[in-house]
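>>> Structure for this input, please:
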Amino acid sequence: MRPKQITDEQIQHFIESALQEDVRDGDHTSLACIPADHRSHFGLKIKDYGVLAGVELAERIFRHLDPTVNMTIKKKDGADVFYGELAFEVEGNTRALLTAERTVLNIMQRMSGIATLASRFAFEVGDLPVKVLDTRKTTPLIRFLEKWAVAIGGCTNYRWGLYDWIMIKDNHVDAAGGIRQAIERVHAYQKEKGLQLDITVEVRNLVELHDVMEIGGVTRIMFDNFEIPILLEAVATVNGKFETEASGGINLYSVRKYAQTGVDYVSAGSLTHSAVPLDLSFKVIK
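Residues are numbered from 1 along each chain as shown. Prediction:
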């Protein structure tokens with residue numbers, strides 16, 4: 001379920017950085033209170049309703065701090081969870097588990113909140129031939145976790161960064177002097193650099209749409225902040241010649257209306273920037 005863009009090396013680097021931020025020269029509370037060889041049995045308790053995410057990463061964190069841990073997973077990533085359930089049990093060195101506690105909870109609560117929201121978006125359009133995309137509206141340095149959670153929740157990852165997809169937006173168009181100039185420069189740049197990246201161009205109105213239709217040479221046309229009646233006309237104008245995407249302030253309550261216009265994709269920054277963390281707790285159970 002982990003997106004192929006996320007590597008083991010990236011995960012390991014993140015774990016080390018996250019623990020360095022939290023632990024530095026030691027978890028002094030645990031070091032002071034708990035004998036070095038003490039072992040405990042903890043459980044991750046669900047205190048909310050939603051979709052679970054971050055289990056795989058949690059296990060990696062525990063094993064990084066204590067390679068001898070025994071973890072029993074009761075709910076996998078992507079599982080529906082309900083108040084009062086246990087997501088997993090873990091037995092291991094008490095100091096290590098307490099040191100991992102906050103990092104694991106912070107990650108899993110954030111990822112589970114995003115996965116829960118993504119699952120609701122996916123449900124809203126589940127009977128329609130459309131994909132809901134995430135965006136680059138993510139938290140710096142943990143974009144890969146947030147996009148991972150989106151995928152767990154059933155929506156689609158789009159643009160991992162500025163490097164993997166060309167998106168000509170309104171500011172690019174204005175700075176370049178027009179849509180034609182922007183597209184032509186992108187073509188020349190790709191040829192010069194030996195690149196074959198997909199190209200999305202954002203249009204703000206039907207005039208710009210007709211310009212793009214005439215120029216061509218793009219993968220996808222993104223309709224930014226189009227009202228539904230205009231969006232219907234725009235999709236009919238494209239008539240399958242290019243991929244189509246609706247964008248701009250789309251939320252859980254409006255996504256179906258946009259999807260019903262016939263666009264191929266709907267992108268929603270709210271998937272990541274508006275998700276509410278899922279309530280979880282990590283407690284000694286034996």
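>>> Near the closest residue to Glu243 other than its chain neighbours, how many residues? Count them for me, please.
Once flanking residues are discounted, Glu243 sits nearest to Arg220: 3.9 Å by C-beta to C-beta, 6 or more residues apart in numbering. Just so you know, the C-beta spots here come from the backbone N, C-alpha and C atoms, and that holds for glycine as well. For Arg220, the count of nearby residues is 19 (other C-beta atoms under 10 Å).
>>> Show the pLDDT at Arg220.
Looking at Arg220, its pLDDT is 98.
>>> What of Lys286?
Taking Lys286 on its own, its pLDDT is 74.
>>> start to end distance for stretch 151-170?
28 Å (C-alpha to C-alpha, to the nearest Å).
>>> Surely the residue nearest to Glu243 touches Ala246?
No. Shown here, Arg220 and Ala246 do not form a contact pair, counting by C-beta atoms under 8 Å, at 11.2 Å.
>>> shared neighbours, the two?
Residues touching both Arg220 and Ala246 (C-beta atoms under 8 Å, 6 or more residues apart in numbering) are Tyr265.
>>> buried set for stretch 52-59?
52-55, 57-59 (16 or more other C-beta atoms under 10 Å).
>>> export that stretch as CSV, just CAs?
What follows is stretch 52-59 as a C-alpha-only set of coordinates in CSV (Å, rounded to 0.1, in the frame of the first residue of the first chain):
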residue,chain,number,x,y,z
LEU,A,52,-6.2,3.8,10.2
ALA,A,53,-2.8,4.8,8.7
GLY,A,54,0.8,4.7,9.9
VAL,A,55,1.0,1.2,11.3
GLU,A,56,3.8,0.2,9.0
LEU,A,57,5.8,3.2,10.0
ALA,A,58,5.1,2.8,13.7
GLU,A,59,6.5,-0.7,13.6
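>>> what ranges do the strands span in the chain?
39-46, 50-51, 70-73, 80-81, 86-93, 131-133, 166-168, 199-203, 220-224, 243-247, 265-267, 280-284 (DSSP state E).
>>> Which elements pack onto the fourth one?
Packing contacts for strand 80-81, counted by 3 or more C-beta pairs under 8 Å, 6 or more residues apart in numbering; DSSP states H and E, involve strand 50-51.
>>> Can you tell me the strand partners of the strand it packs on and which way each runs?
Applying DSSP bridges to the sheet, strand 50-51 is found paired with strand 80-81 (antiparallel).
>>> Could you check how far the strand it pairs with is from the centre of its chain?
In terms of C-alpha atoms, centre = their mean, to the nearest Å, the centre of strand 80-81 is set 19 Å apart from its chain centre.
>>> Quick check: the residue nearest to Glu243 vs Val104, distance?
38 Å (C-beta to C-beta, to the nearest Å).
>>> before we move on, back to that, which residues pair with the residue nearest to Glu243 across the strands?
Thr200, Glu243.
>>> Enumerate every residue touching it.
For Arg220, counting by C-beta under 8 Å, 6+ apart, the contacting residues are 198-201, 242-245, 264-265.
>>> ok, now Ile11?
Ile11 touches 57, 60, counting by C-beta under 8 Å, 6+ apart.
>>> hmm, what's the outermost residue in this protein?
The centre of the chain is farthest from one residue, Pro35, which by C-alpha atoms, centre = their mean lies 39.7 Å away.
>>> Buried deepest among the strands of the chain, which one?
strand 50-51 (a mean of 26; mean count of other C-beta atoms under 10 Å).
>>> Tell me who's in contact with the residue nearest the centre of the chain.
Centre of the chain computed as the mean C-alpha position; nearest residue by C-alpha atoms, centre = their mean is Lys147, 2.0 Å away. Going by C-beta under 8 Å, 6+ apart, Lys147 touches 3, 5, 134, 138, 157, 160, 272.
>>> What of Arg159?
135-136, 165, 167.
>>> Any of these buried? List them.
If you count burial by 16+ other C-beta under 10 Å, the buried members of the contacts of Arg159 come out as 135, 165, 167.
>>> As CSV, these with pLDDT and distance to Ile46 would be great.
Putting the buried ones among the contacts of Arg159 into CSV (pLDDT from 0 to 100; distance: C-beta to C-beta, whole Å) gives the following:
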residue, pLDDT, distance to Ile46
Thr135, 97, 28
Trp165, 98, 36
Met167, 98, 38
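>>> ok, those residues vs Asp48, which is closest?
Distance to Asp48, by C-beta to C-beta, is smallest for Thr135 among the buried ones among the contacts of Arg159, at 25.1 Å.
>>> I'd guessed that closest one sits against Tyr158; true?
Yes. Taking contacts as C-beta under 8 Å, Thr135 lies within contact range of Tyr158: 6.8 Å.
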